[in-house]
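Trainee: Fold the following for me, if possible:
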Amino acid sequence: MVSDPLSHSHSDSDSDSDSDPDSPEASPHGPKTPIVPPRPIWFRVHPLVVGAAGAVAGLIVGVGLFGVGSALSDVAETRRQDAQRATAEAAAARDRAARSTLLSNAVASCGLDSSDAEIGDEGLTLDLENRGQDDYAGVSSADLWCFVEEMKTPSSIVSHKEQTTSMDGRQVEEFDGIEVSWSYHPDRGMDSIWTVARSK
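Mentor: Here you go, the predicted model:
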């Protein structure tokens, strides 16, 4: 029996078609479509929701940073005020120390005897006695005016002291936080009391 070559060829073709899964005839609906996995839930959230969440997160971070910045600013301001206070207190202490030596420095510069120029109240007061015609105790007139000059007494007060008479009674003047009171009599001289305030 002779085989039909056409029939054999057709059979081979059918066999090849059945064995090829990518063949158009492999599926009654045509070529296979690749399967795409579903998107994650977060990817499918509406953009407005994502934007709102980001805004809230940004607000929270902003408020937190503002709070930290405000706290740091308060700390810096407190430190600045403390530094200013400490500087002012140190300056006041130096001023008090300097003022407490004004009288003693002037007494030393003029070489006055401590029995005639008595310093008290931690250096802030001076009882200065000037000798007169009948009272020989006290500093000389030259030493008296030396002290007045060392205290940088204004010229108006110097003139006032020079023009004081025994009829004027006790006189009082003040300058640069220093008070000076005095009286004059030819027999007793010009006795005075000097008082330095702790601060101007």
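Trainee: how about residue 91, secondary structure?
Mentor: With DSSP: H, G, I helix; E, B strand; the rest coil as the basis, residue 91 sits in helix.
Trainee: And it, what's its pLDDT?
Mentor: Looking at residue 91, its pLDDT stands at 81.
Trainee: And for the one 5 residues further on?
Mentor: The model reports residue 96 with a pLDDT of 79.
Trainee: part of a helix, is it?
Mentor: Yes - the assignment for residue 96 by three-state DSSP puts it in a helix.
Trainee: What is the burial count for the residue nearest to it when sequence neighbours are not counted?
Mentor: Nearest residue to residue 96 in three dimensions, chain neighbours excluded: residue 198, at 5.3 Å (C-beta to C-beta, 6 or more residues apart in numbering). To be clear about C-beta, it is placed using only N, CA and C from the backbone, and glycine gets the same treatment. Close neighbours of residue 198, defined as other C-beta atoms under 10 Å, add up to 13.
Trainee: now residue 196
Mentor: Residue 196, neighbours per other C-beta under 10 Å, totals 23.
Trainee: In contact with it, which residues?
Mentor: 99-100, 102-103, 123-125, 177-178 (C-beta atoms under 8 Å, 6 or more residues apart in numbering).
Trainee: now with 7 Å?
Mentor: When contacts are counted by C-beta atoms under 7 Å, 6 or more residues apart in numbering, residue 196 touches 99, 102-103, 124, 177-178.
Trainee: got it, and residue 97?
Mentor: Applying C-beta under 7 Å, 6+ apart, no residues contact residue 97.
Trainee: all numbers from here: first residue = 45
Mentor: From this message on, residue numbering opens at 45, which makes the last subject residue 141.
Trainee: gap between it and residue 220?
Mentor: 16 Å (C-beta to C-beta, to the nearest Å).
Trainee: do the same with residue 166
Mentor: Distance, residue 166 to residue 220, using C-beta to C-beta: 19 Å.
Trainee: re the thing from before, buried subset of the contacts of residue 240, written for PyMOL?
Mentor: A single PyMOL command selects the buried members of those (16 or more other C-beta atoms under 10 Å):
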select buried, resi 143+146+147+168+222
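Trainee: so which pair among the contacts of residue 240 is furthest apart in space?
Mentor: The most widely separated members of the contacts of residue 240, counting by C-beta to C-beta, are 147 and 221 (12.5 Å).
Trainee: so what does the helix or strand hosting residue 217 touch, helix or strand wise?
Mentor: Per DSSP states H and E: residue 217 is located in strand 215-219. The contact analysis (3 or more C-beta pairs under 7 Å, 6 or more residues apart in numbering; DSSP states H and E) places strand 215-219 against helix 199-206, strand 222-229.
Trainee: what comes up buried for whatever helix or strand comes next after the last one?
Mentor: The helix or strand immediately downstream of strand 222-229 is strand 233-240, counting by DSSP H and E. Taking 16+ other C-beta under 10 Å as the neighbour-count basis, strand 233-240 is seen to contain the buried residues 233-240.
Trainee: Give me the angle between strand 233-240 and strand 215-219.
Mentor: Taking axes from the mean of the first three to the mean of the last three C-alpha atoms, to 10 degrees, one finds strand 233-240 and strand 215-219 inclined to each other by 40 degrees.
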